Every structure is written in structure tokens, then in C-alpha cells.
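Participant: have a look; sequence and predicted model below, questions after that.
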Amino acid sequence: MGGKFYEYTMLNTSILYKWGRQMTTFITHDTVQTRYWHTLEDGRVQCDLCPRFCKLHEAQRGLCFVRQNLDNQIVMTSYGRSSGFAIDPIEKKPLNHFLPGSPILSFGTAGCNLACKFCQNWDISKSREMDTLMSKASPDAIAQAALAHGCASVAYTYNDPVVFHEYAIDTAQACRALGIKSVAVTAGYVCEQPRAEFYALMDAANIDLKAFSERFYHHITGGHLQAVLETLQYVKQETSVWLELTTLLIPNENDSDAELEAMTQWVVENLGVDVPMHFTAFHPDWKMQAIPHTPLQTLLRARQIALKNGVRYAYIGNAHDKAADSTYCHGCGQLLIGRDWYQLSEWNLDASGCCRFCGVGCAGVFNAKAGDWGAKRRAVVID
């Protein structure tokens, strides 16, 4: 897709901006027309971006809030507007096998196409106050900022990039032109055509596999499991995107041995043994404040189940256990990458990404040397 113009049909203005190799047409300074929708017989317009298939009357917004029926077509109302920019360690996404130790420029917008009752970014993802998005930046400005700050990649995160599809794609194109990688942090709840368009421009993704039951997805997230499984299979089997998974373990909701056994067996059988899995701790938030924190022992138990079932790389998150955060060679068992929270402590990969002790390759995307960004987080202002 490199070099192809992105063009959105003109609606109400003749304002046209050219950023890098893409071209985007605005309705207003932060509203663009989208392509994934169709008109129903009753006059409503159906959004076809994600499996929610919101059917909207004139001026009505979808569940994500940032996609709206305007003049009988679906528009994105938050293009170019962000909840903020920051440089993070890439391990915070979490990605443990993609350019370890490197800094990543992270940003998101408002809105989300799921309704997770446990959302830990609810003030961003569930925002209905668009004026809270005070940071504005063009795709080209984001790519230039990543380059200027020495970031190897840009993360589309904080809320789900599915809902800012057009902004993410334009930014990824601008990044690719400068040699900057793109990383999606997403729940993977997206339809087939936009999914293919999106992942054609991504270099890595951490996708939430929130549970392994339709009950959980339907009642806790407002979505459906099968759509997410299809995205996982597509990304792993049909693209070159580096993939890692995250599951937030919520006590008595998705942390049973039976569910973890089924989930990790499915991952091995359908995605392979080399897809890293991250089991992270829940803390009470938004609509699930009565549920206690996830015990460390639950995370360690999930990790052991994954390893037993053949997952080569299993980690914990939102809790401290250096052994469970570190990477080991599946050939000889030696420590390859030591991690203490987000700080790399040991590095035993050679320049080709193989174990220094036995020569077996470690799955992932690695530089010849470990990065040294550490655990720092730095806010960034993009003009």
C-alpha cells in the first residue's frame, strides 16, 4: 500500500491537506468521511467497521461515540485529535519480543467499540466530552515527532485504534515513509475488510484475548468472542505482523483452570507456540469496583498452565515477579532477556536473535543490541 493516496470524498468544504504520501479530505478540521458503511432500506446508515454494526439515524452516533451519521454517511469526528502523546517503554504495551528496550511514541483518541465493565482507561475510551481532546497533530507531525525523539515505533493505544481507523492508517503511512514502525494495541474487534486494510500497515500488535468464553464477552464487554478469534487467526496466519496476546485475569470471571486450559490450548493449536502471552492483574475500576485485585498466585498459575500446554513465552503483568517477566530459551532453558518491571537487566541474544548459549533462535523482532530506554515515561507536545 506504500505510495497509494488515501482519499476521502469531499462533503462540506474544500479543505485539503497533504501529509506525506497520503491525502485526506476533511469535513471540518477534525471530521472525515469514512468508507465502511452502507444505507439500509429504512434510511438509516449502518457502520460496517466493527461487528457491532451500529444502525444510525441522521446525527446519531454509534456506541464508540466518535463515528456518526452526518448527511447520510458515516464520519469520524475525532480525526487529528488525541488524548495526549507520551514516550513509553515498549514493554508497557506490552510487547516483550518486539525491539526490547526501545522507546515508543504512544497516543490514542476518545471512544471505544466495546463496553468493558472493567475498563482501566474508561476516562479516555468512554469519554463523551470531545473537548477534553486538547492535543492535535497531523499524521505527518506524529511521524516527525517519533523520529525527532528517537522512537523506533509509534503505538496506537490508550483506547482502541479500531475506532480511529482512518487517523491510524494515515499516521502509519507517514511513519512507514520515515522508517518508523507501527504498533497496534487493540481488542481486535473489527470486520474483515477494514481489518485487512489496517494490518497491512502494522508491524506489531498486542491484541487482548479478554477471556475464552462467549458469556464473558457478551455480558462483560458487550462483544462476541468469535470475532476476536478470527482477528487473531488472520493476523497470525495471513500477515507478517508480530503478534503478542494479553489477558487481564479477573477473579471468578475468567481465571478458572478450565478456561485457561482451553484458551492456551487454542492458542497453541491455532496461532502456534511462539506467540507470547501476557497474563495481567486486574485492579478495581469503573463498573467493577467491588471485585478484588488479582492475586499474584493467579497470574503465576495461568503462566504455568500456558507453559505446560506448549506456549514458549508466557509472562505476567501489573505485578512484580522478575522470573515471570523474563524470557528464557526454549532450547536450553537459559535466561535470554532479564526484566525488572520495564527495565532490561540481562541480554543473552546474539546479533541474529539467537541464544548465546545454545544457538537456538528466539521468536521475535530484535535489534542487534538491547535498547536502554528503561522504565521512563515522557510526555510529548506535538505542534
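Facilitator: The structure has been received and is ready for your questions.

Participant: low-confidence ranges in this protein?
Facilitator: Applying pLDDT under 70 to the chain flags the ranges 1-29, 121-134, 286.

Participant: where do the strands sit along the stretch 101-250 of the chain?
Facilitator: 103-108, 135-136, 153-156, 181-186, 204-208, 242-249 (DSSP state E, counting those that start in this stretch).

Participant: possible to save those strands as TSV with distance to residue 270 and mean neighbour count?
Facilitator: In this view, the C-beta of every residue, glycine as well, is placed from N, C-alpha and C. Output for the strands of the stretch 101-250 of the chain, formatted as TSV (distance: least, CB to CB, whole Å; neighbours: other CB atoms under 10 Å):
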stretch	distance to residue 270	mean neighbour count
strand 103-108	28	26
strand 135-136	38	15
strand 153-156	25	26
strand 181-186	18	26
strand 204-208	13	24
strand 242-249	12	23
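
Participant: which one of those lies nearest to residue 344?
Facilitator: strand 103-108 (12.6 Å; CB to CB).

Participant: helices or strands next to the closest one in the packing?
Facilitator: In terms of contacts (3 or more CB pairs under 8 Å, 6 or more residues apart in numbering; DSSP states H and E), strand 103-108 is packed against strand 84-89, helix 139-148, strand 153-156.

Participant: so which of the ones you listed gets nearest residue 322?
Facilitator: Comparing the helices and strands packed on strand 103-108 by CB to CB, strand 84-89 comes nearest, at 15.6 Å.

Participant: coming back round to it: and among the helices and strands packed on strand 103-108, the most buried is which?
Facilitator: Comparing those by mean neighbour count (mean count of other CB atoms under 10 Å), strand 153-156 comes out on top with a mean of 26.

Participant: which residues does the residue nearest in space to the middle of the chain form beta bridges with?
Facilitator: A centroid search over the chain (CA atoms, centre = their mean) returns residue 185, at 0.9 Å, as the residue closest to the centre. Under the criterion DSSP bridges, residue 185 forms beta bridges with residue 206.

Participant: just send the helices and strands packed on strand 103-108 back as JSON lines, with distance to residue 78 too.
Facilitator: Formatted as JSON lines, the helices and strands packed on strand 103-108 follow (distance: least, CB to CB, whole Å):
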{"stretch": "strand 84-89", "distance to residue 78": "13"}
{"stretch": "helix 139-148", "distance to residue 78": "14"}
{"stretch": "strand 153-156", "distance to residue 78": "13"}
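
Participant: so which of these gets nearest residue 320?
Facilitator: strand 84-89 (15.0 Å).

Participant: what lies in contact with that closest one?
Facilitator: 101-107, 135, 137, 142, 145, 149, 151, 155, 158, 342, 373-382 (CB atoms under 8 Å, 6 or more residues apart in numbering).

Participant: direction included, what does that strand pair against?
Facilitator: Strand pairing (DSSP bridges) places strand 84-89 next to strand 103-108 (antiparallel), strand 378-380 (antiparallel).

Participant: and the angle from it to helix 139-148?
Facilitator: Interaxial angle, strand 84-89 versus helix 139-148 (axes from the mean of the first three to the mean of the last three CA atoms, to 10 degrees): 30 degrees.

Participant: tell me how far strand 84-89 lies from the chain's centre.
Facilitator: 14 Å (CA atoms, centre = their mean, to the nearest Å).

Participant: before we move on, what about stretch 260-275?
Facilitator: Counting by CA atoms, centre = their mean, stretch 260-275 comes out at 19 Å from the chain centroid.

Participant: okay, buried residues for it please.
Facilitator: For stretch 260-275, the neighbour count (16 or more other CB atoms under 10 Å) marks 260, 263, 264, 265, 267, 268, 271, 274, 275 as buried.
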